Each structure stands twice: as C-alpha cells, then as structure tokens.
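>>> The following block contains a protein sequence and its predicted model.
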Amino acid sequence: MNEKLPNWNLDTIYPGIKSKELIADLSRVKELSEKIISSLNSSTLHELLLMFNELNALAQNLDSYSLALISTDSTNEEYLQLQAKIEEVLLFKDECDTRFAMEVKNRESEIQSEENKEYRFVLEEMKTEAEYQMSLKEEMLASNLNRSGGDAFSRLQDSLCANIEKDGETLIALRAKAQSSDRKERERAFYKEKALLKEHEVAYSFALNGVKGTVLSLEKCRGWKSPLERSAFCSRISMKALNALISTLEEALPMWRDYLNTKAQILGLKKLSFYDLFAPVGKVEKEYSFEEAKHLVVNCYSEFSPKMGQFAQKAFDNNWIDAPLYKGKVGGAYDTCFFKSKQSRVLCNFDHSYDAVSTLAHELGHAYHDSVVLELPCLLADYPMPVAETASIFGETLLFQYMKKGMDKAELLPILESTLSGGCQVCVDILSRFYFEQSAFEARKEGDVSPARFSALMLEAQERTYGDAMENKHEYMWAVKSHYYSTSFSFYNYPYAFGQLFALALYSSNINCEDYVKLLRNTGCMSVDDVALSAGFDITDKAFWRSGLEVFAQYLKMMKECAL
C-alpha cells in the first residue's frame, strides 16, 4: 500500500540534542541530586519529596528522550554519545535514590503525618526497600559495577541476537519466518535458527550465568529470601495473588491445548510443531491504510469512552506516533512517557495488517494510562509491571470487539486465531518461562550452568505447559528471550499474564469508564492488590482470573464455529 506514514515530532520535548533546554535539564539533574543529598538532615520530608518529584520527572524525560532517539536511528554516533552522557548524569540520581530511601527509614513520624498522607504508600515502600539495602558504599559499588557486569551481560545478549547470522541470514530474519504461510519455509528457518543458536550457546550461557549469578549474590546480601520474593515486591503484588494467577494458568492448560489441537486440525496437521505456533490461519488478508487504522482506533476508544477517543485523536493529530519501517529503526513497538513534558510517544512499524492496527490500539492504551497518571506528582505515577499491560490489552480488546461486529466468518477466523495465538503465548509460553526461570535460579545456586543444562531445563518447562499438543519444541528459547537477562527485575514474565487476564477480567465485568480511569489513576500509589480492590475485585481469588480466561474460551468456541 502506497501511502506516506507519519514520523513522530520530538521538538516539543526538546528542540534538539544540543538545545539549551536539554543541557539545562542535564545540569539540573546533577544539581538537584546534590541538593537533596545535602538537605537530608536539614529539610522536612515533605520538602524533600517535592524536590524528589522534580528530579524524577527530569530523569524520566531525559531517559525517554534518549530511548526515542536511539530507537529511530540506532547507529547515530551523536545519539549514542548523548545516551552515555545521560546515563552518566543519572548515576548522581542513583546515589540520591539510595540515600533518600535510607533517610526515609528514619522519618517514621513524618511518614504518618497528614502532610504526607498521599505519599504514605510509596514512603512505606521506600522504607521497606531501605531495610533490604546493603550499606551505602556497597550499594553504590554494586550500581557502578552493574554497568560493566550485569548490564554488560544483558547488552551482550542483545548484541548477539541483533548481529549473529548464518549463510547471510540473521537471527532476526530467521525468527520472522515463524509467521510465513509456507510450512516448509517455517521448518527450514526453525532448524537453521536452532543451529545458529547452538553455535553461539557458550556466549549466551556465560551471559545468563553472569546475570543470574549477580542477582543471587545481591539478593542474598540484601536479605531477600529469593529472587521471586524481590520480584513480587517490585511488582507490588502479594505472593497470594501471584500464586492465584499461576494456579489459574495451570488449570487453563487443557483449554489451550484444545486450541493448539484445533489449530493443527485447521492447518491439516496431526500435531503442531513449535514452528507452527504463529502460522497464519484463514485466507482473508485485508490491508488497512494508516488513515483507516486511525479511525478504527479512535472509534473503538470513543465507543467505550469519549475522552479516550479524544485522547487517541490528539495523539494522531499531534504527531506522537512514529509509524514507518526504515533502516536504523528498531523492530517491534513501544510507548514511552515524558513526565516533565506531560506527553507520550508511540513507536511502531506499521505494515497495514490487522496486527499493526491492533498494535496501535495496544500502544495508545499505554499512552492513555500515561495521560491519567501524568496529572499526579511523579512519585505517585510510577506504576509497576503487572498493571503496566492492563490499559494496552484493554485497548486491544476494545478494537477486537468493535471490529468483529461487522465481519463474516471468513474475515473473523484469522483475527480470532491471531488473538488466541497471542493469548496462548501470554498464558502458556509465559508459564513455561516462569517455570524455566525458577529452575535456572535453582541450578545456578550450585555453580555455572552448562548450555546443555539450560536447554534441558527449557524443554522440561515447555513439556509441562504445551505437553503433547506441540512437538519439536524449542530448547534454545532461553537464549533469545531478553527478559531473562535483567539484573534489576527477575521473572520478567508473569506480569504479562497478569496484564492480559486482568484487562480481560475488567472488560468482562462491564467496568464503566469512570471506574476504569479511577483504577488507572491508583496504579502508581497502591499495591496491585489494593488497586484491584478499589475497583471491587479480589485478585487473590482464582474466580477473578477465571473470568479473564473465559473470554479466551469464548473466542475458541467462535473460532471452531468459523473454521470447522
């Protein structure tokens, strides 16, 4: 389809990388960090909080700006130099964060004061985190070493995935073949991908051992019982709620295996192989212009809430979206928020497919969430991973429900299957990743883990989840998933299942737009359990999670009616 796709405009964030506004904000981060540190013993907690709000807003603005630049021109030397400069300045903030948290621990009476009532949750959270910190000297050493240690291993994994190739085919290109309509091509790419990963398995295993070893050492020194306990704390979710989620995902495995067997039947196969998971189903291949996509997203949002529709229209009208595919731009899609500027930006790679339209609805859902919390002080707007995917999945769901009303069976089948395929990844594959990460940590406690052992653990995890509904499993998935390679947040998997089912459960409850906005506004200043309770839902009860899964069960029934 021949049309000019929009690029985003960053000039309202900063006029340029050498602008006086950007330089002033870089200086202000350092200046404010030093001021907060020097004022810890002389200022009231409320005065410190006001300065800390400003510091966080500046840091977020700069960090998001750097990300936006690099994402659209990944080899630009000036952008890379700016990124390094911003990271260097943010080290001052790291020290300030650590010292501030340690100071909060000593201000119990001020935490409980009426003046700081709205900050009480985040202050109690800081206080708890401070109780698990090492000494200031040790924490600063850990922060500095992480740039050349854990973060370096993460960058190694990113670099390998971006650059390794076999016979002129990159890993990225091979993995993209998973969506080909030609089964022989999918199979060829699958085995070539695994052969390529095997060639580099030692480098990947050293990186993963380095990350997991670092996490185990630091969490032990800080006093956490396990990386999962620390992850749940960072996610602001109780272990009771997390266990309810995982248990419900396990209960739903028969339904998902039914879906996989149904897909195999539609494709004329006895069993799906791993390389069939993303195979397209159906023959309708409608293309959507960007203008059509804009109207679909605005209309489906407006049907739920006129304010949401107006917000989406504003994002399109003000060039907040970078849509075209071009050299130097990263793949995938994301939303990023600029707190100081009170705006968001959405990156996507629009290819005129239904999935591309759905991606716009997804990312603008994130941006709408941003717009709600941007009305709050910065410290009360930082929401954790589990609820980060809520508004995005909700946006996707609004689009699907809006579009399916006017479709016949032939049009509906590929969209239903694509939706179920995504749900299977979030509920089944995510569960396998959760199992793998648990076993990887346990194995790493005994010393370095070999590539063969990592692969065996991956196969065990996939067998527990996919079972006999899938053959030819992928033992090297531990190498290609970047989420395993984070030292700052372990178990970067269950939040996706949480967000998916949480959003679907909210939708199935017929939540109104006022309660939905209230829920989003609370995501940065309450535990996730309490955010749900504020809207009348108990996430420690498996019945809540089952209501989200029931939506997928309905989709599966519809898929069978369309295809069989």
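Nice, thanks for sending it over. All values reported here derive from a predicted model rather than from experimental measurement. Numbers count the residues shown, from 1 in each chain.

>>> by contact count, what packs against the helix or strand containing residue 344?
Element membership of residue 344, judged by DSSP states H and E, is strand 343-347. If contacts are counted by 3 or more CB pairs under 8 Å, 6 or more residues apart in numbering; DSSP states H and E, strand 343-347 sits against helix 45-72, strand 321-322, strand 334-338, helix 354-373. Glycine gets a C-beta too; all of them are placed from N, C-alpha and C.

>>> What average pLDDT does the helix or strand immediately after the last one in the chain get?
So the one you mean is helix 354-373. Once helix 354-373 ends, the next helix or strand along the chain (criterion: DSSP H and E) is helix 385-388. Averaging pLDDT along helix 385-388 yields 90.

>>> angle of the following helix or strand past helix 385-388 against helix 354-373?
Later in the chain than helix 385-388, the nearest helix or strand by DSSP H and E is helix 390-404. Interaxial angle, helix 390-404 versus helix 354-373 (axes from the mean of the first three to the mean of the last three CA atoms, to 10 degrees): 140 degrees.

>>> send the alpha carbons of helix 390-404 over as CSV?
Output of helix 390-404 as CSV, limited to C-alpha atoms (Å, rounded to 0.1, in the frame of the first residue of the first chain):
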residue,chain,number,x,y,z
THR,A,390,-3.6,-3.5,31.6
ALA,A,391,-4.5,-0.5,29.6
SER,A,392,-2.8,-1.8,26.5
ILE,A,393,-4.6,-5.1,26.5
PHE,A,394,-7.8,-3.3,27.3
GLY,A,395,-7.2,-1.1,24.2
GLU,A,396,-6.6,-4.2,22.0
THR,A,397,-9.8,-5.8,23.4
LEU,A,398,-11.9,-2.7,22.5
LEU,A,399,-10.6,-2.8,19.0
PHE,A,400,-11.3,-6.5,18.5
GLN,A,401,-14.9,-6.3,20.0
TYR,A,402,-15.5,-3.2,17.7
MET,A,403,-14.3,-4.9,14.5
LYS,A,404,-15.8,-8.3,14.9
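
>>> Within the sheet, what are the partner strands of the strand holding residue 344, with directions?
Taking DSSP bridges as the criterion, strand 343-347 pairs within the sheet with strand 321-322 (parallel), strand 334-338 (antiparallel).

>>> Name the residues that touch that strand?
The contact list for strand 343-347 (CB atoms under 8 Å, 6 or more residues apart in numbering) reads 8, 10, 12-13, 64, 68, 71-72, 315, 320-322, 329-330, 332-338, 360, 363-364, 366-367, 370-371.

>>> Quick check: ChimeraX command selecting the buried ones in the residues you listed.
For the buried members of the contacts of strand 343-347, the matching ChimeraX selection, counting by 16 or more other CB atoms under 10 Å, is:
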select :8,10,13,64,68,71,72,315,320,321,322,333,335,336,337,338,360,363,364,366,367,370,371
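
>>> would a markdown table of the helices and strands packed on strand 343-347 with distance to residue 278 be doable?
Shown next, in a markdown table, are those (distance: least, CB to CB, whole Å):
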| stretch | distance to residue 278 |
| --- | --- |
| helix 45-72 | 24 |
| strand 321-322 | 25 |
| strand 334-338 | 20 |
| helix 354-373 | 10 |
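
>>> Could you work out which of those reaches nearest to residue 4?
Residue 4 sits nearest to strand 321-322 of all those, at 13.0 Å, using CB to CB.

>>> What is the distance between the closest one and the centre of its chain?
Distance of strand 321-322 from the chain centroid (CA atoms, centre = their mean, to the nearest Å) equals 19 Å.

>>> Domains in the chain, by residue range?
20-148, 154-284+418-563, 290-404 (automatic domain parsing).

>>> Nearest to residue 3 among these would be which one?
Across the domains of the chain, closest to residue 3 is domain 290-404 (CB to CB), at 6.2 Å.

>>> got the end-to-end distance for that closest one?
Start-to-end span of domain 290-404 (CA to CA, to the nearest Å) is 19 Å.

>>> again with stretch 156-169
End-to-end distance of stretch 156-169: 20 Å, with CA to CA as the criterion.

>>> got the buried residues for that stretch?
For stretch 156-169, the neighbour count (16+ other CB under 10 Å) marks 156, 157, 160, 161, 164 as buried.

>>> Let's have those residues in CSV, adding pLDDT, secondary structure and distance to residue 41.
Shown next, in CSV, are these (pLDDT from 0 to 100; DSSP: H, G, I helix; E, B strand; the rest coil; distance: CB to CB, whole Å):
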residue, pLDDT, secondary structure, distance to residue 41
156, 88, helix, 42
157, 88, helix, 43
160, 88, helix, 47
161, 86, helix, 47
164, 89, coil, 52
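
>>> Which one of the residues you listed is nearest to residue 299?
residue 161 (37.5 Å).

>>> Flag the shaky bits of the stretch 1-150 of the chain, pLDDT-wise.
Scanning the stretch 1-150 of the chain for pLDDT under 70 picks out no residues.

>>> on that earlier part again, ok, which of the strands paired with strand 343-347 comes nearest residue 37?
For the strands paired with strand 343-347, the distance to residue 37 is smallest for strand 334-338, at 25.6 Å, taking CB to CB.
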